[in-house]
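Novice: Provided below for reference: sequence and predicted model.
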Amino acid sequence: MLAALSNILKITELRQKIVFTLTMFLVFRAGAHIPVPGVDVKVIEQLFTTGNLFGLLDLFSGGALSKFSVFAMSITPYINASIIMQLLTVVVPKFEQWAKEGEEGRKKITQITRYGTVVLGFIQAIGMAFGLRAAIIHPGIGSILLIALTLTAGTTFLMWLGEQITEKGIGNGISLIIFAGIVSRMPNGLYVIYQYLTAGTISVFNVLLFAIIAVVMIVFVIAIQQGQRKIPVQYAKRVVGRKMYGGHSTHIPLKVNQAGVIPIIFASSVLMFPVTIAQFINVPWVKTVAGWFAWGTPLQTSLYALLIIFFTYFYTAVTMNISDMAENMKKYGGFIPGLRPGKPTADYLDRVMTRITLAGSIFLALIAILPNFVVWFTNIQGVYFGGTALLIVVGVALDTMKQIEALVLMRHYQGFMK
């Protein structure tokens, strides 16, 4: 491992990329401690209890939301804008055309995503400032607008920061910012465990059990994230002029978890919406309904798992066009051995994708509800481990390591990962 790290540091370009990325992380963490003007932070902190939408968003922002800093919204509006654009690409013909135009088309889509981020960020900031108006020292339209503009500017700056990391650093900048925010909460979680241990609330056995479950979950997530079904494809030989093309074999990698972490985000947002709204409405029956959807209740856990399975199929169906895949194979002379090109190939791919998506959706549901059982087994509360955070951390770490591996292999025969 030390030899591999030494191999990385010898490459000047890679070393500069890593230093630039770490520097941007410092900027991000520094901004997470700059408070929004005109807000009483102590009132904000009372809202952050386990199981509401604020707690999930605070995890993504690396604690910036509970401090109500300028980065309180984190990069969430950009994620929402990207998801909306991805869905619109399938629906709107113009966006679909841009997606097929290569680099120029992607630039146009990226530009619209940026504008969408600013608009969604401002709307979310207005809603957040209005909903948390009890924490505003001098409530009024001017104060709400000032807070909304400050939060929107913070999100826009984070979007720019992520693009700079993507361009000049290593890995995907937006993903790495979320990664940094989640990882920055780990020392706080370890300190909470230490406090429980010293107070006698839990034993050393509970801590060891928690560590074993954590390691098993990480290994399980890596195995599923890397898992794929390879569909063999054979290309027929064809003569163009005096040259012969084709005649080679390859495969189509269909990922078990094609939808990534998106279904968990969708499902958690839907289920936590009633709980979050109930915090601002002081009506008895609203509080009762919100109690049914509280984090960890049997109804919430069951609906959570079912919604994740549903959104996994929905998002996979939207983002993967099986018919286009089969048509492109036919256009370039490719075929799956034993199947005719065209509709039979599309039906086969659809059948295979449906089966492996079932496995992927069940995996996502298990990972998402596992933190409830971790608390029950270990008796360690207040330490979030699993679900969205674990998938993001593992996924980003794997992608970043692959990029480092590719850069190292360009200059050395021996890579970073064995």
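Specialist: Received the coordinates, thanks.
Novice: residues contacting stretch 83-94, please?
Specialist: Outside stretch 83-94, the residues within contact range by Cβ atoms under 8 Å, 6 or more residues apart in numbering are Phe95, Glu96, Trp98, Ala99, Ile109, Ile112, Thr113, Gly116, Ile262, Val318, Thr319, Asn321. Just so you know, the C-beta spots here come from the backbone N, C-alpha and C atoms, and that holds for glycine as well.
Novice: how many other residues sit next to Gly127?
Specialist: 11 (other Cβ atoms under 10 Å).
Novice: hmm, I typed the wrong one, I wanted Asn172.
Specialist: When neighbours are counted by other Cβ under 10 Å, Asn172 registers 17.
Novice: what are the phi and psi values for it?
Specialist: When quoted as degrees, to the nearest 10, the phi and psi of Asn172 stand at phi -80, psi 120.
Novice: buried members of the contacts of stretch 83-94 into PyMOL, please.
Specialist: PyMOL command restricting those to the buried ones, with burial defined by 16 or more other Cβ atoms under 10 Å:
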select buried, resi 95+98+99+109+113+116+262+319
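Novice: farthest-apart pair in the contacts of stretch 83-94, please.
Specialist: Greatest spatial distance among those (Cβ to Cβ): Gly116 and Asn321, at 22.8 Å.
Novice: can you flag which of the contacts of stretch 83-94 belong to helices?
Specialist: Per DSSP state H, helices hold the following members of these: Phe95, Glu96, Trp98, Ala99, Ile109, Ile112, Thr113, Gly116, Ile262, Val318, Thr319.
Novice: out of those, who's nearest Gly296?
Specialist: Taking Cβ to Cβ as the measure, Gly296 lies nearest Ile262 of the ones in helices among the contacts of stretch 83-94, at 22.9 Å.
Novice: hmm, the closest one is touching Phe314, no?
Specialist: No - contact criterion Cβ atoms under 8 Å: Ile262 and Phe314 do not qualify, at 9.6 Å.
Novice: got the contacts of stretch 83-94 as CSV, with distance to Ser74 and pLDDT columns?
Specialist: Compiled in CSV, the contacts of stretch 83-94 are given as follows (distance: Cβ to Cβ, whole Å; pLDDT from 0 to 100):
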residue, distance to Ser74, pLDDT
Phe95, 26, 84
Glu96, 30, 81
Trp98, 27, 85
Ala99, 27, 79
Ile109, 22, 87
Ile112, 21, 91
Thr113, 16, 90
Gly116, 16, 91
Ile262, 17, 77
Val318, 25, 78
Thr319, 23, 77
Asn321, 31, 80
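Novice: make a markdown table from the ones in helices among the contacts of stretch 83-94 and add distance to Lys255 to it.
Specialist: Conversion of the ones in helices among the contacts of stretch 83-94 to a markdown table gives the following (distance: Cβ to Cβ, whole Å):
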| residue | distance to Lys255 |
| --- | --- |
| Phe95 | 24 |
| Glu96 | 22 |
| Trp98 | 25 |
| Ala99 | 20 |
| Ile109 | 22 |
| Ile112 | 27 |
| Thr113 | 23 |
| Gly116 | 27 |
| Ile262 | 13 |
| Val318 | 15 |
| Thr319 | 11 |
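Novice: sorry, back to before: any chance of the contacts of stretch 83-94 in JSON lines, with distance to Leu26 too?
Specialist: Listed next are the contacts of stretch 83-94 as JSON lines, based on distance: Cβ to Cβ, whole Å:
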{"residue": "Phe95", "distance to Leu26": "37"}
{"residue": "Glu96", "distance to Leu26": "40"}
{"residue": "Trp98", "distance to Leu26": "36"}
{"residue": "Ala99", "distance to Leu26": "35"}
{"residue": "Ile109", "distance to Leu26": "31"}
{"residue": "Ile112", "distance to Leu26": "31"}
{"residue": "Thr113", "distance to Leu26": "26"}
{"residue": "Gly116", "distance to Leu26": "28"}
{"residue": "Ile262", "distance to Leu26": "29"}
{"residue": "Val318", "distance to Leu26": "38"}
{"residue": "Thr319", "distance to Leu26": "35"}
{"residue": "Asn321", "distance to Leu26": "42"}
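Novice: let me know the helix or strand that Ile231 is in.
Specialist: Element membership of Ile231, judged by DSSP states H and E, is strand 228-235.
Novice: give me the sheet partners of that strand and which way each runs.
Specialist: Applying DSSP bridges to the sheet, strand 228-235 is found paired with strand 249-255 (antiparallel), strand 334-335 (antiparallel).
Novice: stretch 187-202 - what's its average pLDDT?
Specialist: Per-region confidence: stretch 187-202 scores 81 on mean pLDDT.
Novice: what's near enough to touch Val396?
Specialist: So Val396 contacts Gly171, Asn172, Ser175, Leu176, Ile178, Phe179 (Cβ under 8 Å, 6+ apart).
Novice: what's the most distant pair in those residues?
Specialist: By the measure Cβ to Cβ, Gly171 and Ile178 form the most distant pair in the contacts of Val396, at 11.5 Å.
Novice: could you list the low-confidence segments of the stretch 101-250 of the chain?
Specialist: Per-residue confidence for the stretch 101-250 of the chain (pLDDT under 70) gives these ranges: 237-248.
Novice: quick one, strands of it?
Specialist: 228-235, 238-240, 243-245, 249-255 (DSSP state E, counting those that start in this stretch).
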